[in-house]
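Visitor: I would like to see how this sequence folds:
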Amino acid sequence: MITNATALPRTARGAATRARIVDAATDLVRAHGVANTTIDAVIEASRVSKSQIYHYFDDKDDLVLAVIQRQAECVLGTHEELLRKLNSLAGLRSWRDAVVELTRQTNCAGGCPLGSLAAELSETPRTRAALAESFARWASYFETAFARMQTRTGKRPSGNLKELSEAMLASLQGGLLLAQTMRSTTPLELALDMAIDYVAARLRLHPPENRSARRE
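Guide: Below you'll find the model as predicted:
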């Protein structure tokens, strides 16, 4: 779990104030990026004083860590719910369909909240470490799901489960980035289909089906 340098509030009122600050900062960062989000903008959006900001956060970097944690909770919560009972190739394809549908509902805008933060913050040690922790946790959901799938087949996989999970996450992130850029879910669908076929082959599951007909 990602934690900030500053201590968490001890009262419900303090927790609510801190949450309002993080909510405002998260919305601003999502809309304008970290570089274009100022402490003054967060103060205005959250309707708190500068002293309150610095009571809960040492500096902007500390606040950005809280934003990473908030986005991680949101994104990983969604995917954990989709993946925590997954134990079959059909289930993996259902997860793929849900991700594509969620992307389609936003008209492919915005991309992945964690991926967008990584594009800005991966060269700064503290934020890079926080993002790496979030992505590692995300990959672990795939790894656990693949282990369940492997157990059901009783076959020895032709590949490392950790590597397979990282390959799936990389395909997801690349697909989301291209979907955002092209405003089309097609790149995401193609990337996930290829990754799922690769997982199926490595876990020695059923032969990959013809996915092109499904997209037509």
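Visitor: can you tell me the helix or strand for A109?
Guide: Per DSSP states H and E, A109 falls between elements, in no helix or strand.
Visitor: Can you name the next helix or strand after the helix or strand harbouring D27?
Guide: For D27, the host element (DSSP H and E) is helix 12-32. Counting by DSSP H and E, the next helix or strand C-terminal to helix 12-32 is helix 39-46.
Visitor: Next, the angle from that following helix to helix 12-32.
Guide: 120 degrees (axes from the mean of the first three to the mean of the last three Cα atoms, to 10 degrees).
Visitor: now for the helix or strand just after helix 39-46, which elements pack on it?
Guide: Per DSSP H and E, the first helix or strand lying C-terminal to helix 39-46 is helix 50-56. Packing partners of helix 50-56 (3 or more Cβ pairs under 8 Å, 6 or more residues apart in numbering; DSSP states H and E): helix 12-32, helix 39-46. Any C-beta I mention is one placed from the backbone N, CA and C, and that applies to glycine too.
Visitor: pretty sure K85 contacts L92?
Guide: No: judged on Cβ atoms under 8 Å, K85 makes no contact with L92 at a distance of 11.6 Å.
Visitor: Show me which of these two is the more surrounded one.
Guide: Just comparing K85 and L92: by other Cβ atoms under 10 Å the higher neighbour count belongs to L92, 24 against 10.
Visitor: ok, longest helix in the chain?
Guide: Longest helix in the chain by number of residues, with DSSP state H as the criterion: helix 125-153.
Visitor: chain center to that one, what's the gap?
Guide: Distance, stretch centre to chain centre, for helix 125-153: 11 Å (Cα atoms, centre = their mean, to the nearest Å).
Visitor: ok, then the element right after it?
Guide: Reading on from helix 125-153 to the C-terminus, the next helix or strand found by DSSP H and E is helix 161-182.
Visitor: Flag every buried residue along the next helix or strand after that following helix.
Guide: Once the chain leaves helix 161-182, the next helix or strand it forms, by DSSP H and E, is helix 186-202. For helix 186-202, the neighbour count (16 or more other Cβ atoms under 10 Å) marks 187-193, 195-200, 202 as buried.
Visitor: Can you tell me how far the residue of the chain most remote from its centre is from A66?
Guide: Taking Cα atoms, centre = their mean, the residue of the chain most remote from its mean C-alpha position is S51, at 31.8 Å. Using Cβ to Cβ, to the nearest Å, we find S51 at a distance of 17 Å from A66.
Visitor: Likewise for L131?
Guide: For L131, the distance to A66 - Cβ to Cβ - is 13 Å.
Visitor: which other helices and strands contact whichever helix or strand V99 is part of?
Guide: Here V99 sits within helix 89-105, counting by DSSP H and E. Applying 3+ Cβ pairs under 8 Å, 6+ apart, we find helix 89-105 packed against helix 60-83, helix 125-153, helix 161-182, helix 186-202.
Visitor: Contacts for that helix, please.
Guide: 78, 82-83, 85-86, 145, 149, 172, 176, 179, 185, 188-189, 192-193, 196, 199-200, 205-206 (Cβ atoms under 8 Å, 6 or more residues apart in numbering).
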